[in-house]
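Visitor: how would this look folded up:
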Amino acid sequence: MRGRGAAAIAAACLAALCACAPGATLRAKQEFARFGTEVRWVYAEERTPDADAVWAQLTARSDAIEADISTERAQSSVSRFNAAAAGERVSIGADAYKMLTVAQAVYAETAGAYNPATGLLVDLWGFSPRHRADGYAPAADYDRADYTKELPDARYLAAFSGQRLIDFGAVELGEDEDGYYAVKPEDAFVEVENAQGETVTYTMQLNLSGIGKGYCADEGGAILRAAGVEYGYYNLGASSMLLLADPSSKDGVWKVGISSPREFSSRAEYASLRARDTVLSTSGDYEQYYELHGVRYCHIIDPSTGYPVGASPEEGGAHIVCVTVAGGGAAEGDARATAISCMGLDEALDYCRAHSGTFRAVFVWYDGAGKYTVYSNLEEWTLNERSLRVEEIA
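Guide: You can find the predicted model right below:
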């Protein structure tokens, strides 16, 4: 598996570490073992009392969230749901319940374009954590010895794309005297005959990686506000960022670079935006992907095709290669960015227009024939790569 290695939200705002106004020294605390990525908190040293205590709270909260949704932990809420039989009711934690509630709202809002019930498809294409682990070896019947050099078996692609397995709206969520719970739909299973002629049953599998980091950013924001922190930012990898105020600028606004999803030129960022006291969520096909026979297969699975975005033979390669969403909650933003990545151009434009009062977006559309176009309804942004054509989302 490979990727360009550039962060979707580039280091432009990190430059402020070296350009602070007097009395506004920026410091950073970071760790690399959260959600499979770097978690970073940048704060104004002189204006942040008890920074160590705040960081401890941020770390403890992110630990608890990850423990509740990680597919790598057998006792997490998500792992127990995934292991359950069709029709089974599963006790889940408060964080998993809140994330699933947000997920269902965005699932409905996007007509299913955001769909965390694609867990089996994510695994089929080779984008689960186990595929990135050292010493990966095939374990499931549908695994390939080298998933980057061989496409999935068509039997499993068809089975795992079936409506019964990906009907996330049919998952029942609730709360009673025993706590929070989720019910896997009774018909959320398929049977597939493996290479040995044995029939294997597969049930709906959830993957909340597309919303978990954003939810963590929202929870981190609550901790920072409760501690009276007004300056700095908190980000989780390349996808989720909470911006407070920039103490080095008169208006407190950050300038944030957005990385180029392709090698358009020597520029690292194709655009930049100005923002403060908001959240940014980014999704794209260039962080986790592999290429086979000239086709890029990335970690974002389009639930309408079962393929990674842009890889379906029927699409001809046309797709949204990256999108940044600004505004709203970070959990919703992450889900919306993923959803827009899975939409066709007209669908994405209509969706962004319909919800412009809640969030704004900038995205790059590839037409499948070598042309890239930027679409945006952001209020304050600048195109850095002049070779790109720009269309306003009006």
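
Visitor: so after the helix or strand hosting Thr59, what's the next helix or strand?
Guide: Assessed by DSSP states H and E, Thr59 sits inside helix 51-69. Secondary structure here is assigned by DSSP H and E; on that basis, the next helix or strand after helix 51-69 toward the C-terminus is helix 77-83.

Visitor: now for that next one, which elements pack on it?
Guide: Taking 3 or more CB pairs under 8 Å, 6 or more residues apart in numbering; DSSP states H and E as contact, the helices and strands that helix 77-83 lies on are helix 51-69, strand 89-92, helix 94-109. (C-beta placed from N, C-alpha, C; glycine too.)

Visitor: Now the shortest one: buried residues?
Guide: For strand 89-92, burial by neighbour count (16 or more other CB atoms under 10 Å) applies to 90, 92.

Visitor: Sheet partners, orientation included, of that strand?
Guide: Take DSSP bridges as the rule and strand 89-92 pairs in its sheet with strand 179-183 (antiparallel).

Visitor: So which other helices or strands are in contact with the next helix or strand after the partner strand?
Guide: The first helix or strand that comes after strand 179-183 along the chain, using DSSP H and E, is strand 189-193. In terms of contact count using 3+ CB pairs under 8 Å, 6+ apart, strand 189-193 is assigned the packing partners helix 154-160, helix 163-166, strand 199-203.

Visitor: Sketch out the low-pLDDT regions of the chain for me.
Guide: With pLDDT under 70 as the threshold, the chain has low-confidence stretches at 1-23, 265-266.

Visitor: Mark out where each domain of it begins and ends.
Guide: If you go by automatic domain parsing, the domain ranges for the chain are 13-66+211-392, 70-208.

Visitor: Dead centre of this structure: give me the residue that sits there.
Guide: The centroid of the chain falls nearest to Gly210 when counting by CA atoms, centre = their mean (3.4 Å).

Visitor: still on that earlier bit, which one of the helices and strands packed on strand 189-193 lies nearest to Ser272?
Guide: Of all those, the one in closest proximity to Ser272, counting by CB to CB, is helix 163-166 (36.7 Å).

Visitor: outside of the closest one, which residues touch it?
Guide: Outside of helix 163-166, the residues within contact range by CB atoms under 8 Å, 6 or more residues apart in numbering are 115, 117-118, 120-121, 159, 185, 187-190, 202-205, 303.

Visitor: Narrow the residues you listed to just the buried residues.
Guide: Applying 16+ other CB under 10 Å to those flags 115, 117-118, 120-121, 159, 185, 188-190, 202-205, 303 as buried.

Visitor: hey, where'd the helices end up in this protein?
Guide: Using DSSP state H, the helices found in the chain span residues 51-69, 77-83, 94-109, 119-124, 129-132, 154-160, 163-166, 209-226, 330-341, 345-354.
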